[in-house]
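>>> The following comprises the amino acid sequence and a computationally predicted model.
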Amino acid sequence: MGDLAAMVLCAGLGTRLRPLTARVPKPAVPVCGVPLVRWSLALLAGAGARRAVVNVHHLADEMAAAAGAAASALGLPLHVSREPVIAGTGGALREARGALRGADAIVVLNGDVLFDLDVAAALDAHRASGALATMVLLPMPAGASYAAVEVDAGGAVRRIAGKFGPGGERLSPWHFTGVHVLSPALLDRLPDAPFEADVNRHVYPPLMASGAIRGHVASGYWNDLGTPERYLAANLDVLSGAAPTARFAGADPLAAATALAPGVHVAPGADVHPGAVLHGPAFIGPGARIDAGAEVGPLAVVGAGVRVHRGGHVTRAVVWDGTEVRPGERIEGAIAAAADRVAARDGEAGSPR
């Protein structure tokens, strides 16, 4: 694989997930009890990344700590790039340029995405094309309003979001996944100004006419966790198996859990009373306590140190670490985080499959 470097973009504000992201940066929200950034870094480490960079801004210390713990657990050297002002993707790459130098390829991943990507296939396509940058694409999700990336018959990106790039005839529209594969030479094309630089607006358009920006059409589970509905869906998709986890070695919490009942995964150190009622699929995290007369599942994620009191009921829901489900309280179609209860419509599809 050569010297593969990875960058996970973690500086965003996560406004659509408030109030959850007032507590935790969006790339650190737990997916089945594991911070999302660890899923991202596990995917990249499994693909051969030898070092990684994360950029941080919102709740910067918390984000740096979550990324540092994840990288350490995976044995992946990590550099944290602090942004006093959000720099955009192009600016983030510019600010982290020193930590990325020397790599023969760089994979950039949005930190708010859970994507079962075949990274090796994307790298092979990028290297074979000789492109400066390859944008990883998916078919446009049905009913989605994402801005399209338009590609010609030869695979060159010709227009982004309907207005950036030279355009052309008979272009095919695709959904951009938030993953870029970059050649190191692209680092020299990053502008020093403006400070906040977007690759799609400031970097790629002048390069498109020469065919230097390519598209690679991938497949697999994809979810940007952008809303409470999509965040809940990601958790439940992992729990139910709709989101494959084989590419995320070192992140999947179900791998270390034991089956207390069909589809009920219980982490080491959890205390489940024999009088509790459990329905799979469900995950109960380390140190959680489920009292007699409590009911968990189906489709329930109970985080570390959670207490579900007698009469409490958790179904189609996620309960964050350390939260108490009060006696008789029903958490359904929602995320519970400390005192917050955030309603979400479960069942929103996470991705094109």
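Looks like it came in fine. None of these values were measured; they are calculated from a predicted model.
>>> From residue 75, how far off is residue 245?
19 Å (CB to CB, to the nearest Å). All C-beta spots, glycine's among them, are computed from the backbone N, C-alpha and C.
>>> neighbour-wise, which of these two wins?
residue 245 (19 against 8; other CB atoms under 10 Å).
>>> you'd agree that one is up against residue 253?
No - the pair residue 245 and residue 253 fails to qualify as a contact (CB atoms under 8 Å) at a distance of 9.3 Å.
>>> May I ask which helix or strand of the protein has the lowest mean pLDDT?
strand 258-261 (a mean of 88; mean pLDDT, DSSP states H and E).
>>> So which residues make contact with that one?
265-266, 268, 272, 278, 280, 284 (CB atoms under 8 Å, 6 or more residues apart in numbering).
>>> Can you tell me the strand partners of that strand and which way each runs?
The strands beside strand 258-261 in its sheet (DSSP bridges) come out as strand 264-266 (antiparallel).
>>> Double-check residue 111 against residue 8; I have them as touching.
Yes - using CB under 8 Å, residue 111 makes contact with residue 8 at a distance of 4.8 Å.
>>> quick one: common contacting residues for the two?
When contacts are counted by CB under 8 Å, 6+ apart, residue 111 and residue 8 have 27, 37, 40, 54 as shared neighbours.
>>> between the residues you listed, which has the most around it?
Taking other CB under 10 Å as the neighbour criterion, residue 27 ranks highest of the shared contacts of residue 111 and residue 8 with 31 neighbours.
>>> okay, now the closest residue to it other than its chain neighbours: neighbour count?
Setting aside the residues directly before and after it, residue 27 is nearest to residue 111 in space (CB to CB, 6 or more residues apart in numbering), at 3.2 Å. For residue 111, the count of nearby residues is 27 (other CB under 10 Å).
>>> OK, contacts around residue 111?
Contacts of residue 111 (CB under 8 Å, 6+ apart): 8-10, 12, 26-27, 36-37, 40, 54.
>>> Now intersect those residues with the strands, please.
Within the contacts of residue 111, residues falling in strands by DSSP state E are 8-10, 54.
>>> So if we follow the domain assignment, how does this structure break up?
Split into domains by automatic domain parsing, the chain comes to 4-228, 246-343.
>>> if you skip the residues just before and after it, what's nearest to residue 5?
Distances taken as CB to CB, 6+ apart place residue 103 nearest to residue 5, at 3.6 Å, with adjacent residues excluded.
>>> Which of the helices or strands spans the one you found?
For residue 103, there is no enclosing helix or strand under DSSP states H and E.
>>> wait, it sits on residue 4?
Yes - proximity of residue 103 to residue 4 meets the contact threshold set by CB under 8 Å, at 6.4 Å.
>>> Tell me which residue is most central in this structure.
With the centre of the chain defined as its mean C-alpha position, the nearest residue by CA atoms, centre = their mean is residue 113, 2.7 Å away.
>>> now that one: how far from residue 178?
Distance from residue 113 to residue 178, by CB to CB: 5 Å.
>>> Overlap in contacts, those two.
With contacts defined as CB under 8 Å, 6+ apart, the residues adjacent to both residue 113 and residue 178 are residue 224.
>>> what ranges do the helices span in this structure?
20-23, 36-46, 60-74, 88-95, 97-100, 119-129, 205-208, 228-240 (DSSP state H).
>>> quick one: contacts for the spatially closest residue to residue 327 that is not a sequence neighbour?
For residue 327, ignoring the flanking residues on the chain, the nearest one in space by CB to CB, 6+ apart is residue 309 at 4.3 Å. Counting by CB under 8 Å, 6+ apart, residue 309 touches 291, 294, 324-329.
>>> One more pass at 10 Å, please.
For residue 309, the contacting residues are 289-294, 324-329, by CB atoms under 10 Å, 6 or more residues apart in numbering.
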